[in-house]
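# Model the structure of this input:
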Amino acid sequence: MSELPPVSKLRTVGAHVELELGRDLADSPRYNDDIAPTRASQRTWSRWNVAALWVGMAICVPTYTLGGVLTAYFGLSVSEALWTILIANIVVLVPLTLNAFPGTRYGIPCPVVLRASFGIIGSNVPSLIRAVVACGWFGIQTLFGGIAIHLLLSALFDSWAALGGTGEVIGFFIFWVANIAVVIRGSEAIKHLESLAAPMLLVVAIGLMFWAMPRVSMSDVLAVPANRPEGASFFGYFMAALTAMVGFWATLSLNIPDFSRFARSQRSQVIGQIIGLPLTMLLFAGLGVVLTAASVELVGETISDPINLIGKIDSPVWVVLSMLMIILATISTNTAANIVSPTNVFQNVAPKYINENKGVIITGIIGIALMSWELLKKLGWLETDVSVESLYSNWLIGYSSLLGPIAGIMVVDYFLVKNQSYDVLALYQDNAGYPAWNKAGFIAFLVPVGLTLIAITTGALSWFYTYGWFTGSILGGLIYYIVARGDARSST
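Residues are numbered from 1 along each chain as shown. Sure, this is the predicted structure:
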């Protein structure tokens, strides 16, 4: 470190701010090179790379099942479900694009952005809430990927097919290693994977749609009535479903700076997200609805899971090719959506002890732990009626009610309180301008969470929980603005 200057500085390179590291930050317990601001040379993601990121993340097994989730759990018809998915993903574009701004401007990841609104140490609380959810999704997606690997190998080797659930567990760990290997190679590896996967996955999705269309009547599928009680108000069911669908990407609306910090410009991240997210989600969720409807004619039973549906096709060649595509799709989703965020979060907790590689391994281990019950069930060592599908369906509203206030606080802090200006050097140091714990952030977070807990435990204010992401983000942002402005006036 002796060759470093004593004091760090910032310099402007084009539209970006770049750090010239000095000993003050290099020695700070809040800094390491992996969560440092990205250099101008690292800003290589074009609008098409950002769009490919979203295509790669959106085409996955949970997206395929969304139509079925909305019709079965939320009482919508098929056509209502598809409209809800489209509207929800247009809505979620707002916090996604806005919260991406500080990442693109300063090159800083999500946990460092949160230091501005929750405090240098306090940022660990909302970050860890996000990380636990990501680790859970990592486990779920790895489970799907493991099943795909098992079915691929079963189509090639009869001896592997005889392994049954044990083969799925082995597939889980094979898939786990593949995901960890991609992320450890860094952001460029993720960018190249998404750019490779996106066009292939779109072609496969469109091809499957054309394959299914002759076997099912779209007019009959869209005419399937809703299963809500006759005469029940559409609005209540729609808003609950909309909240859940916004909650599907509520996680990324927080940690989008983890990716936008590599974007070439604000224009690249905004246009890339608009191109990549809404229509991809609608296309693949619609594909799930059509193929689920066609599954009765194709295989004699209703199957809402594309992995198991394809696994029943009596053609080893098509099964192998399809499983390879599903494996690629799930890796592209898992690496970007579920590993990058917690990796940065764990580094934020102890930057001097946890680097990027260690953060990736910690994420992987927690993902295994959270899926251990399902792995034990597949091995025949545990009996439980809890299904993975019901688990993530029930998460959607629950965790969006926690993440909504954080998203609202982040937007209000950057655009209205800080006026799009951070003291980047102070974000990496103790007692340098930002408090260890920001009172305004925690008040604005805990009030909506408290109201949510009241709604869950007493039944009062049930609407607040049902519309959790909207009520939480609006109330959290409003309270943060009032308290933060009050603190600023009292300190002057």
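# Near the nearest residue to Leu21 once chain neighbours are set aside, how many residues? Count them for me, please.
Distances taken as Cβ to Cβ, 6 or more residues apart in numbering put Ser8 closest to Leu21, at 5.6 Å, once the chain neighbours are dropped. C-betas here are computed from N, CA, C, even on glycine. A count of nearby residues for Ser8, using other Cβ atoms under 10 Å, gives 21.
# Let me see the contact set for Ser8.
When contacts are counted by Cβ atoms under 8 Å, 6 or more residues apart in numbering, Ser8 touches Leu19, Glu20, Leu21, Gly22, Asp24, Leu25, Ala26, Leu425.
# nearest to Leu328, of the residues you listed?
Leu328 has its nearest neighbour among the contacts of Ser8 in Leu19, at 35.4 Å by Cβ to Cβ.
# helix or strand for that closest one, which one?
Using DSSP states H and E, Leu19 sits in strand 16-20.
# just to revisit the earlier point, could I get the contacts of Ser8 as TSV with pLDDT and distance to Leu451?
As requested, those are exported to TSV (pLDDT from 0 to 100; distance: Cβ to Cβ, whole Å):
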residue	pLDDT	distance to Leu451
Leu19	92	40
Glu20	92	46
Leu21	93	44
Gly22	94	45
Asp24	93	42
Leu25	94	39
Ala26	94	43
Leu425	96	37
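# Any of these buried? List them.
Leu19, Leu21, Gly22, Asp24, Leu25, Leu425 (16 or more other Cβ atoms under 10 Å).
# Can you pick out the most distant pair from these?
The most distant members of the buried ones among the contacts of Ser8, if one measures by Cβ to Cβ, are Leu19 and Asp24, lying 11.5 Å apart.
# quick one: common contacting residues for the two?
With Cβ under 8 Å, 6+ apart, Leu19 and Asp24 have common neighbours Ser8, Leu425.
# pull the longest helix from the protein.
helix 124-156 (DSSP state H).
# list the buried ones in the helix or strand just after it?
Once the chain leaves helix 124-156, the next helix or strand it forms, by DSSP H and E, is helix 158-161. For helix 158-161, the neighbour count (16+ other Cβ under 10 Å) marks Trp160 as buried.
# what packs against the next helix or strand after helix 158-161?
Sequence order places helix 165-184 as the next helix or strand after helix 158-161, per DSSP H and E. For helix 165-184, the elements it packs on are helix 124-156, helix 187-212, helix 316-334, helix 356-370, helix 372-378, judged by 3 or more Cβ pairs under 8 Å, 6 or more residues apart in numbering; DSSP states H and E.
# mind checking which of the ones you listed is nearest Leu416?
helix 124-156 (18.3 Å).
# tilt between that closest one and helix 356-370?
Taking axes from the mean of the first three to the mean of the last three Cα atoms, to 10 degrees, one finds that helix 124-156 is oriented at 70 degrees with respect to helix 356-370.
# Averaged pLDDT, the longest helix of the chain. What do you get?
In this model, helix 124-156 has an average pLDDT of 89.
# cool, and stretch 84-104?
94.
# okay, that stretch in PDB with CA atoms only?
Listed next in PDB are the C-alpha coordinates belonging to stretch 84-104 (Å, rounded to 0.1, in the frame of the first residue of the first chain):
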ATOM      1  CA  THR A  84     -51.700  -8.600 -14.800                       C
ATOM      2  CA  ILE A  85     -48.200  -9.900 -15.600                       C
ATOM      3  CA  LEU A  86     -47.700  -7.300 -18.300                       C
ATOM      4  CA  ILE A  87     -49.000  -4.400 -16.100                       C
ATOM      5  CA  ALA A  88     -46.900  -5.600 -13.100                       C
ATOM      6  CA  ASN A  89     -43.700  -5.600 -15.100                       C
ATOM      7  CA  ILE A  90     -44.400  -2.200 -16.500                       C
ATOM      8  CA  VAL A  91     -45.000  -1.000 -12.900                       C
ATOM      9  CA  VAL A  92     -41.800  -2.500 -11.600                       C
ATOM     10  CA  LEU A  93     -39.800  -0.800 -14.300                       C
ATOM     11  CA  VAL A  94     -40.200   2.400 -12.400                       C
ATOM     12  CA  PRO A  95     -38.200   1.500  -9.200                       C
ATOM     13  CA  LEU A  96     -35.800  -0.700 -11.400                       C
ATOM     14  CA  THR A  97     -34.800   2.200 -13.600                       C
ATOM     15  CA  LEU A  98     -34.700   4.800 -10.800                       C
ATOM     16  CA  ASN A  99     -32.700   2.800  -8.400                       C
ATOM     17  CA  ALA A 100     -30.300   1.900 -11.200                       C
ATOM     18  CA  PHE A 101     -29.300   5.600 -11.500                       C
ATOM     19  CA  PRO A 102     -26.800   5.800  -8.600                       C
ATOM     20  CA  GLY A 103     -25.200   2.600  -9.600                       C
ATOM     21  CA  THR A 104     -24.600   3.900 -13.100                       C
END
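# chain center to it, what's the gap?
Here stretch 84-104 is found 12 Å from its chain centre; the criterion is Cα atoms, centre = their mean, to the nearest Å.
# same deal with stretch 242-262?
Worked out by Cα atoms, centre = their mean, stretch 242-262 lies 6 Å from the chain centre.
# Do me a favour and get the end-to-end distance for that stretch?
Distance between the boundary residues of stretch 242-262 (Cα to Cα, to the nearest Å) amounts to 30 Å.
# could we number from 587 for the rest of this?
With 587 as the first residue, the last one maps to stretch 828-848.
# who touches the helix or strand of the chain with the lowest mean pLDDT?
Least confident helix or strand of the chain, by mean pLDDT, DSSP states H and E, is helix 892-897 with a mean of 72. Residues outside helix 892-897 that contact it (Cβ under 8 Å, 6+ apart): 647, 650, 730, 733-734, 737, 740, 874, 877, 881, 884-885, 889, 904-905, 908-909, 912.
# Go ahead and build a ChimeraX selection from the buried members of these.
A single ChimeraX command is used to select the members of the contacts of helix 892-897 judged buried by 16+ other Cβ under 10 Å:
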select :647,650,730,733,734,737,740,874,877,881,884,885,889,905,908,909,912
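# which residues does the spatially closest residue to Cys646 that is not a sequence neighbour contact?
Leaving aside its sequence neighbours, Cys646 sits nearest to Thr919 (Cβ to Cβ, 6+ apart; 4.0 Å). By Cβ under 8 Å, 6+ apart, the contact set of Thr919 is Gly642, Met643, Ala644, Ile645, Cys646, Gln727.
# Next one: Thr919 from Thr624, what distance?
Remark: distance between Thr919 and Thr624 (Cβ to Cβ, to the nearest Å) = 23 Å.
# how about stretch 988-1007: buried residues?
For stretch 988-1007, by 16+ other Cβ under 10 Å, it's 988-1000, 1003.
# One more: stretch 865-881?
For stretch 865-881, a neighbour-count test (16+ other Cβ under 10 Å) marks 866-881 as buried.
# from these, which single one is nearest Gly1062?
Met867 (25.0 Å).
# So which elements touch whichever strand or helix holds that closest one?
For Met867, the element it lies in under DSSP H and E is helix 864-885. Counting by 3+ Cβ pairs under 8 Å, 6+ apart, the packing neighbours recorded for helix 864-885 are helix 633-644, helix 647-650, helix 652-659, helix 664-692, helix 773-798, helix 804-808, helix 892-897.
# Adding distance to Ile842, write these out as CSV.
Shown next, in CSV, are the helices and strands packed on helix 864-885 (distance: least, Cβ to Cβ, whole Å):
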stretch, distance to Ile842
helix 633-644, 10
helix 647-650, 18
helix 652-659, 20
helix 664-692, 5
helix 773-798, 14
helix 804-808, 33
helix 892-897, 27
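# So which of those helices is nearest Ser819?
In terms of Cβ to Cβ, the element of the helices and strands packed on helix 864-885 nearest to Ser819 is helix 664-692, at 12.9 Å.
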